[in-house]
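[1] Sequence and predicted structure, then a few things I'm wondering about:
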Amino acid sequence: MHHKFVIFPFTAIVGQDLMKKALLVNAIDPTIGGVLIKGDKGTGKSTAVRALADLLPKIKVVKDCPFNCSPEDLRLMCKSCQERYKKEGKLPWIEKKMTIVDMPLSATEDMVVGTIDIRKALKEGIKALEPGILAKANRNILYIDEVNLLDDHLVNILLDAAAMGVNIVEREGISVYHPSRFILIGTMNPEEGNLRPQILDRFGLCVEVSALTSKEDRLKVVEYRREFDSDPWKFEEKFKEKQEMLRNKIINAQKILPEVSISKDMLEKIVEIATSLGIKTHRADIVMEKTARALAALDGRGYVTEEDIKEAAILALPHRIRQQPFEKGMIITKETVEKILQSKPKEEVFDFNKNAEMKKDILKFDVKGSLQGRDFPKIEGDRGLYIKARESKNPKNIAVDATLRKAIRETGKLEVLPEHLMEKIRVSRGKALYIILLDSSSSMRMEKKIRFAKTLAWLLLKQSYEKKNEVALMVFRGNDTQVLVPPTKDLLRIEEALENLPTGGKTPLTPALYEAFQVAKKEMKENPTVILISDGKGNVFIKNSLEEDFAFLQTFANSINLVVVNAESRNRSIGILEQLAKIFNAPHFYLEEVIR
């Protein structure tokens, strides 16, 4: 009788070669930074991830360590294992299969990084770490399904740990660290929302998968699935030899990877490809180099070839290319890379006019009064300036100094009891988010609208350096609303995004406002402000009519500030924006009166 649970074999997955290659190179070198797999449901994303875990060779782990430390490599040991190894010369170990650690979308920061039991640390004088998900993930596979729905802050924590190979937990001046080197895999359906460009860039590789188009391949998928469901053990046996061959290739690649060389000529090609595609992050070059070396190792070679570079570019660059508004991301093929390598790259020069006179006009105008001089509240929370301490039976944020003072004062010695615990009170100034929402559905007065948006961004970001606020840019036309620049303090990014905007189409005024409100809500900043720049001729609705949409949007009136800039002249405006401003009790300006 069979008792083993059988996983669909990795080598039985039909097609999806890019996805499989991206997974394999991350298994060979986890410092590549993981892979993001984008695609519709039912395209084999989860199947491939689980198949990879089953394919990979067993690893040696320290028998009684919660961090799955290596018993032989000091670099892959926690502090406790390092001390034991130096003292005893060897550590007890067992062999185990690599496992998949699933990241729940409801996870909190403490669940991810772990927590320090400060009461135990105070009373017993030890650093007590309660391991989190990153501890379990060490030397395993960390899998995030629907990563685009996970909180951005948590995604950044995971990516930091993946990049450094270490998880650092700091609480109240006590710091604990442990190795956290894992294969990071995120999957997502783009129809359910995208990741921010900053987070996308931090994933080492990114591949898009779609349903197979070849009839032969689709037929093979059905046949394989039927065979597997009918007798999984027999199906597993059918692919046993292929699985073993690939497993041995991975083991060999991991061994020879440190010795794989890459010539200066190959490095120059990497830089040439990245710069020709307008990619500004250095991370792209570094990831391409690591991926090319891993590909060479997988092929059993000790050196990198141009073919490795081309394949690395296809895996590492598509999600880092800045796309034009309302256009789909660029698809990079070997032919694309070959053309770049065969032609001399053109140098791109940016020259953005800051329009000093216009800045002076806006600073004098009432727009400034609507955006500046606001009272930003003091917010009590887990972050910010530590101003004082208070008694608490269950403190979330222990004030170590005040706790020790109270213990000494009441007992005459350094003996901390539960009743001595004091909690820190922290306050921080509320931050504001400004969202510039630009209507590009009409080419009329578009130049003025763009000039105004650029100058407004300059004004707000000049203020942001003083108050640490952020500005986002959204554009709408046709049936779409797009976040061109997520919340940022980088003025150049906004100016670049405003160059060569496409125009024309319907005007989804109220749907765009709703999208902007959702972005503001997601950011959870204090007093978010949406600055709408439009001619107010909305003809695409959320509900069935403008009146219904206004009634629906009114539910946001108390939580979001709105500033309305009317691109139509006072005598030609049809009254929609005036009505909107009245509903939201919002300042309303005519563009021609702001820009003379």
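    It's in.

[2] Tell me where the stretch 201-350 of the chain has strands.
    205-209 (DSSP state E, counting those that start in this stretch).

[3] An error on my part: the question was meant for the stretch 401-550 of the chain.
    So, for the stretch 401-550 of the chain - with DSSP E, counting those that start in this stretch - the strands run 422-429, 433-439, 470-477, 480-488, 529-534.

[4] Confidence-wise, which of the ones you listed is weakest overall?
    Among these, strand 422-429 carries the lowest mean pLDDT, at a mean of 67.

[5] was I right about residue 290 contacting residue 30?
    No: Residue 290 is beyond contact range of residue 30, at 10.1 Å (criterion: Cβ atoms under 8 Å). The way it works is simple: take the backbone N, C-alpha and C, and place the C-beta from them, glycine included.

[6] Just want to know which of those two has more residues nearby.
    Each of residue 290 and residue 30 has its neighbours counted (other Cβ atoms under 10 Å); residue 290 has more, 23 against 20.

[7] Tell me, domain by domain, which residues of this structure belong where.
    Structural domains assigned to the chain are 10-53+102-254, 59-96, 262-342, 356-375+431-594, 378-429, following automatic domain parsing.

[8] Which of the strands of the stretch 401-550 of the chain sits closest to residue 82?
    Minimum separation from residue 82 across the strands of the stretch 401-550 of the chain (Cβ to Cβ) falls at strand 422-429, 32.2 Å.

[9] Name the spans of the stretch 251-400 of the chain whose pLDDT lies under the cut-off.
    Counting by pLDDT under 70, the stretch 251-400 of the chain shows low-confidence ranges at 322-331, 343-388.

[10] What ranges does it have for its helices?
    With helices called from DSSP state H, counting those that start in this stretch, the stretch 251-400 of the chain shows them at 264-276, 282-298, 306-316, 334-342, 356-364, 366-371, 400-411.

[11] closest to residue 145 out of the ones you listed?
    Nearest to residue 145, of these and by Cβ to Cβ, is helix 306-316 at 20.7 Å.

[12] and the closest one, what other elements does it pack with?
    helix 17-28, strand 205-209, helix 264-276, helix 282-298, helix 334-342 (3 or more Cβ pairs under 8 Å, 6 or more residues apart in numbering; DSSP states H and E).

[13] how about a cut-off of 6 Å?
    Here helix 306-316 touches helix 264-276, helix 282-298, helix 334-342, going by 3 or more Cβ pairs under 6 Å, 6 or more residues apart in numbering; DSSP states H and E.

[14] how distant is it from the center of its chain?
    23 Å (Cα atoms, centre = their mean, to the nearest Å).

[15] Which positions in it come out as buried?
    Across helix 306-316, burial judged by 16 or more other Cβ atoms under 10 Å covers 308, 309, 310, 311, 312, 313, 314, 315, 316.

[16] and what of stretch 558-567?
    Buried residues in stretch 558-567, counted by 16+ other Cβ under 10 Å: 560, 561, 562, 563, 564, 565, 566, 567.

[17] Endpoints of that stretch, how far apart?
    Stretch 558-567 has an end-to-end distance of 25 Å (criterion: Cα to Cα, to the nearest Å).

[18] pLDDT (mean, whole number) over that stretch?
    Rounded mean pLDDT across stretch 558-567 is 83.

[19] who touches it?
    With Cβ atoms under 6 Å, 6 or more residues apart in numbering as the test, stretch 558-567 has contacts from 370, 445, 449, 517, 520, 528-533, 535, 573, 577, 581, 584, 586-591.

[20] Distance-wise, check the nearest residue to residue 529 once chain neighbours are set aside relative to residue 515.
    Among residues not flanking residue 529 along the chain, residue 561 sits closest, at 4.1 Å (Cβ to Cβ, 6 or more residues apart in numbering). Distance, residue 561 to residue 515, using Cβ to Cβ, to the nearest Å: 17 Å.

[21] same thing with residue 207?
    Counting by Cβ to Cβ, the gap from residue 207 to residue 515 is 28 Å.

[22] With residue 496 instead?
    On the measure of Cβ to Cβ, residue 496 and residue 515 end up 22 Å apart.

[23] Looking at the two, which one has more neighbours?
    Neighbour tally, residue 496 and residue 515, criterion other Cβ under 10 Å: the higher count belongs to residue 515, 20 against 16.

[24] Relative to residue 134, how far out is the more buried one?
    34 Å.

[25] Equivalent analysis for residue 560, please.
    Taken as Cβ to Cβ, the span from residue 560 to residue 134 is 35 Å.

[26] Next, the buried residues of stretch 491-511.
    Applying 16+ other Cβ under 10 Å to stretch 491-511 flags 491, 493-498, 501, 505, 507-511 as buried.

[27] didn't residue 498 look like it was pressed against residue 451?
    No: contact criterion Cβ atoms under 6 Å: residue 498 and residue 451 do not qualify, at 9.1 Å.

[28] Throw the strands of the stretch 401-550 of the chain into CSV and include distance to residue 129 and mean neighbour count, thanks.
    Shown next, in CSV, are these (distance: least, Cβ to Cβ, whole Å; neighbours: other Cβ atoms under 10 Å):
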stretch, distance to residue 129, mean neighbour count
strand 422-429, 20, 18
strand 433-439, 35, 25
strand 470-477, 34, 24
strand 480-488, 33, 20
strand 529-534, 42, 26
